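> Build me a model:
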Amino acid sequence: MRSSVRLGSGPGFTLDAVTCADDHRRWGAAEVSSDFRVVLARRGRFRRMADGRAADVDPTMAYVGRPGEEEHFAHPAGGDECTSLCVSAGLWRELTDGREVRSAVYVDGGLDLAHRRLLGAARTGDVPYALTEALLALLGATLRTHPAPPGGGAAEAIVGRARAAIDADHPAAAGLLPLAALLGVSPFQLSRAFTGVVGVSLTHYRNRVRVGRALDRLEQGETSLAALAADLGFADQAHLTRTVRRHLGHTPAALRRQLAPERTFA
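A predicted model of the protein is given here:
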């Protein structure tokens, strides 16, 4: 079952929060949209099939949909929550200046932060300026990020299982060697496949996931950075701060000040 809440709309665009409670591995019926779409997962994971290629979508991997594209979806992980930004063809061409964006888009720290700021701007109710400006920032981050390059079927399967283990906090995901053993591949094979498919190293990806979880906690009002570091498996608060700054360009304390005011509009 899918439900949608309109967060905002303006000339040529709509922004919706989409929740899907489906739990099935089979591909659903074909869906076709008339607009360009940037879809970012906030919680959960699902699968998308377009142009004969299947891809996993979760908070670290978004997708861009195109007008007239036939899509199928599967929800093997028990549902998800997404943000869907639909943009008319005319506005898309104007905003992207004709630049091409591939379907699978790796959600780096900058795009994650732009996504959160877009949701915060939607809560202000200021569509002409705050929401539109945040929309431009998100599209800019989407264009800047490095899309996942195409990979072979075997490599994509290995990487999909690795991402699922990291997302689920499987005990074997605590290190590259036990993760490779869990997947039944060599550490070298796992490392090479991950970089080839996702476009970043396995180490970078794991830290990216932890940074996203740190942002969740900061948005919820976490007051103890030391406790946050311990809960997320960092060596100490300094390690957390260095990693967050490397991915987002800001310290956790600065991000807490930036993100916390947005909660007042909920």
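> Tell me where the stretch 151-266 of the chain has helices.
153-167, 176-183, 187-198, 202-219, 225-231, 237-248, 252-259 (DSSP state H, counting those that start in this stretch).
> and the shortest one, C-alpha only, in CSV?
Listed in CSV are the C-alpha atoms of helix 225-231, where the atom choice follows Å, rounded to 0.1, in the frame of the first residue of the first chain:
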residue,chain,number,x,y,z
LEU,A,225,28.3,13.8,20.8
ALA,A,226,30.4,11.4,22.9
ALA,A,227,27.3,9.0,23.2
LEU,A,228,26.6,9.5,19.5
ALA,A,229,30.2,8.5,18.6
ALA,A,230,30.0,5.4,20.8
ASP,A,231,26.6,4.3,19.5
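> chain center to it: distance?
Helix 225-231 sits 23 Å away from the centroid of its parent chain (CA atoms, centre = their mean, to the nearest Å).
> Over to the third one?
When distances are taken as CA atoms, centre = their mean, helix 187-198 is centred 20 Å away from the chain's centroid.
> how near is residue 93 to residue 154?
Residue 93 sits 37 Å away from residue 154, going by CB to CB, to the nearest Å. (Each C-beta comes from the backbone N, C-alpha and C, glycine too.)
> Write down the beta-bridge partners of residue 24, one by one.
Beta-bridge partners of residue 24, counted by DSSP bridges, are residue 75.
> dump the residue contacts of it.
74-76 (CB atoms under 8 Å, 6 or more residues apart in numbering).
> Kindly report the same for residue 56.
45-47, 160, 163-164.
> Could you single out the nearest of these to residue 25?
Residue 25 lies nearest to residue 47 out of those, by CB to CB, at 8.4 Å.
> surely the closest one meets residue 63?
No - applying CB atoms under 8 Å as the test, residue 47 and residue 63 come out as separate, 10.8 Å apart.
> more crowded one of these two?
The neighbour comparison of residue 47 against residue 63 (other CB atoms under 10 Å) goes to residue 63, with 21 against 17.
> Make sure that one is indeed in a helix.
No - Residue 63 sits outside any helix when classified using DSSP: H, G, I helix; E, B strand; the rest coil, being strand.
> isn't it right next to residue 53, touching?
No - Residue 63 sits out of contact with residue 53 when judged by CB under 8 Å, with a separation of 10.7 Å.
> Overlap of the contact sets of the two?
Common contacts of residue 63 and residue 53 (CB under 8 Å, 6+ apart): residue 103.
> what's the distance between residue 227 and residue 251?
The gap separating residue 227 from residue 251 is 16 Å, by CB to CB.
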